[in-house]
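Trainee: no FASTA, just this:
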């Protein structure tokens, strides 16, 4: 279930800063944010599994005091270990993705320097609230992940994460009958809040899984490399 399927493959605006100082093209950077427990890391893992055979990609995770998200990705072996790195923010997650992006930017640049040319880098924020957004100096596009267990009123509440992200993912739709969430209501509220911006309803436990989000990422990358 999704809204405005035609927009899932739109490239949208791309940054003018698409190249390194030496003229070589840098990787497309996509940030994933959302509340604690919404399924950001599981979505990152699924995207890595879906895209790793066709793209050269890497991941930067953010946690306040641990490397837990990176360790999960390493345990799941979604990418070779050298393609996964962690940033310990030591502060509210939004600080490191919006206010002082230096640690994340260094991690992104180190991955490109150490691994070689990359097509895509996924930057996963630590769990935050509905105000979480990424600096445009860090990422080129943003995915915001919410889940039905958090309440079907989340799209109606809005907040910058919900209303302005390039893609909104409503995750764990398979749980809707068990938590009393009305997916139709969530879809209508998301449409009201986001107008033409795309929304994907996703369950990683059922088909098509992460496919629609992966297709959206491919669309962004096609626009980036055009």
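Mentor: Sure thing, it's come through. Since we're looking at a predicted model, the values are computed, not measured.

Trainee: does residue 121 sit in a helix, a strand or a coil?
Mentor: Assigned state for residue 121: strand (three-state reduction, DSSP: H, G, I helix; E, B strand; the rest coil).

Trainee: measure it to residue 204 for me?
Mentor: With the distance defined as Cβ to Cβ, to the nearest Å, residue 121 ends up 21 Å from residue 204. Where C-beta positions appear, they are placed from N, C-alpha and C, glycine not excepted.

Trainee: between those two, which one's more packed in?
Mentor: residue 121 (26 against 16; other Cβ atoms under 10 Å).

Trainee: Specify the beta-bridge partners of that one.
Mentor: Per DSSP bridges, the residues bridged to residue 121 are residue 29, residue 58.

Trainee: Enumerate every residue touching it.
Mentor: Residue 121 is in contact with 27-30, 57-60, 108, 111-112, counting by Cβ atoms under 8 Å, 6 or more residues apart in numbering.

Trainee: Kindly report the same for residue 141.
Mentor: Contacts of residue 141 were listed using Cβ under 8 Å, 6+ apart, and they are 12, 28-31, 166-167, 220.

Trainee: What of residue 149?
Mentor: Neighbour list for residue 149: 37, 172, 175, 179, 181 [criterion: Cβ under 8 Å, 6+ apart].

Trainee: From the residues you listed, which land in helices?
Mentor: Assigned to helices by DSSP state H, the following of those qualify: residue 179.

Trainee: among the contacts of residue 149, who's most crowded?
Mentor: Each of the contacts of residue 149 was scored by neighbours using other Cβ under 10 Å; the highest score is residue 172's, at 24 neighbours.

Trainee: Helix, strand or coil: sort out the residue nearest the centre of the chain for me.
Mentor: Ranked by distance to the mean C-alpha position of the chain (Cα atoms, centre = their mean), the top residue is residue 32 at 2.4 Å. When classified by three-state DSSP, residue 32 comes out as strand.

Trainee: ok, it touching residue 123?
Mentor: Yes: using Cβ atoms under 8 Å, residue 32 is in contact with residue 123, at 7.1 Å.

Trainee: Now stretch 64-72: buried residues?
Mentor: Neighbour-count burial for stretch 64-72, with 16 or more other Cβ atoms under 10 Å as criterion, is recorded at 67, 69-70, 72.

Trainee: Between which two of the contacts of residue 121 is the distance greatest?
Mentor: 30 and 112 (14.6 Å; Cβ to Cβ).
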